[in-house]
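Chemist: got a sequence here, can you model it:
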Amino acid sequence: MEQETDYILREVKRLTLFISKLISKVSTLDGDEIENGIKETDDLMRKEWNLSFEKIITLTNAEFIVKLKKLPEVHLEKLAELLAEITKKINTSELETGYDTKEIANKGLILIKSINKKAKTFSIKRMEINKIFEQIVN
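Modeler: Residues are numbered from 1 along each chain as shown. I've put the predicted structure just below:
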């Protein structure tokens, strides 16, 4: 049992590092790199989680919530941060036609609400991410 727990813990840490690297990469993109960086991030998410921005956009809210339940809480926080970075980058470039930023932000709001229900602590970072999503949706 301990070996299984160690494996699960290693996987959680590996995925957390993976998402952190994606966030870092996306946040440093500028100009011509944005489109390729977002596509690369999308491909990596598809390989790792079987989840892409296109899938996030096309899932119904209920389907998205079910998908979120399969992820650990720490990954949900990182996913929210990644979605916030992606929407900020899309809004600062000419990529808006290829991505539905309002729908990504809407799913981000659902994600933040889900995290807030589970979380036992208040997070200023979550509130900042929530504000980013609300500004895009409204």
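Chemist: was I right about residue 23 contacting residue 79?
Modeler: No: the pair formed by residue 23 and residue 79 falls short of the contact definition of CB atoms under 8 Å, at 9.5 Å. Where C-beta positions appear, they are placed from N, C-alpha and C, glycine not excepted.
Chemist: more crowded one of those two?
Modeler: residue 79 (23 against 19; other CB atoms under 10 Å).
Chemist: buried residues in the helix or strand where that one lies?
Modeler: Here residue 79 is covered by helix 73-91, with elements defined by DSSP states H and E. Burial within helix 73-91, assessed by neighbour count using 16 or more other CB atoms under 10 Å, is assigned to 75-90.
Chemist: what's in contact with that helix?
Modeler: The list of residues contacting helix 73-91 from outside it, by CB atoms under 8 Å, 6 or more residues apart in numbering, reads 12, 15-16, 19-20, 22-23, 26-27, 29, 34, 37-38, 41, 53, 56, 68, 71, 95-96, 99, 101, 104-105, 107-108, 111-112, 114-115, 118-119, 123, 125-126, 129, 132-133, 136.
Chemist: and the helix or strand just after that helix, what other elements does it pack with?
Modeler: Beyond helix 73-91 on the C-terminal side, the first helix or strand identified by DSSP H and E is helix 101-118. If you count contacts as 3 or more CB pairs under 8 Å, 6 or more residues apart in numbering; DSSP states H and E, helix 101-118 packs onto helix 53-58, helix 61-69, helix 73-91, helix 124-137.
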